[in-house]
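1. From the sequence below, what's the structure:
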Amino acid sequence: MKNLFPHYRVLNTEDFDLLWQKATFIFDTNILLNCYRYTKHTTEEFFDILNKISNRIWIPHHVALEFYRNQYAIKSEQIKVFNDINDKLNIVSSTLDEIGKIKDKHSSINPEEFISTLKTEIKQFTESMRKLEEEQRHINQSDEIKNKIEHIFKDNVGKVD
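-> Model (predicted):
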């Protein structure tokens, strides 16, 4: 049976090293689109690796097509996350205001310090989110990720059948 499926055998160190030196790396659409989801540092590391193996990378034509078709949706999705978080934080703030009214209804419950601490944390988090949103790649801006993908894979895309 193992003769029918030699690619399932465990590689020894020599075979493994040879594989890494000679293999062609073929990517799917998601790995390319995930560059928009990764942290900036992770994306830079990914591109550094691609540049090191650029003579051994390839994508099918359909992967390139799907990348172009879906890139705007992924970028929009990333922008929408900021709006979603702001909406949720507004709900939390409203809920804290309601909790603050409890002190008027029960003399032993005083949530003021708790509410104050949470509102300070929310404010700090909102500010950090605002800074991240300013750094976020917008749909209308020049797209550094797309430019790098186009450059790296320029001659490494399958032909249309």
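
2. end-to-end on stretch 7-18?
-> Taking Cα to Cα, to the nearest Å, stretch 7-18 runs 14 Å from one end to the other.

3. Which residues does it contact?
-> Lys2, Leu19 (Cβ atoms under 8 Å, 6 or more residues apart in numbering). Glycine gets a C-beta too; all of them are placed from N, C-alpha and C.

4. and that stretch, which residues are buried?
-> Across stretch 7-18, burial judged by 16 or more other Cβ atoms under 10 Å covers no residue at all.

5. What is the burial count for Val157?
-> Residues within reach of Val157, counting by other Cβ atoms under 10 Å, total 17.

6. Am I right that it is in contact with Ile57?
-> No - under the criterion of Cβ atoms under 8 Å, Val157 is not in contact with Ile57, lying 10.2 Å apart.

7. Burial check on Gln71, number of neighbours?
-> Neighbourhood size, Gln71 [other Cβ under 10 Å]: 20.

8. Can you tell me the SS state at it?
-> Classification of Gln71 using DSSP: H, G, I helix; E, B strand; the rest coil returns helix.

9. Now do the strands in this protein.
-> Secondary structure of the chain by DSSP state E: the strands cover 25-26, 57-58.

10. Can you lay out those strands as JSON lines showing mean pLDDT and distance to Ile79?
-> JSON lines is the format used below for the strands of the chain (pLDDT from 0 to 100; distance: least, Cβ to Cβ, whole Å):
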{"stretch": "strand 25-26", "mean pLDDT": "96", "distance to Ile79": "30"}
{"stretch": "strand 57-58", "mean pLDDT": "97", "distance to Ile79": "29"}
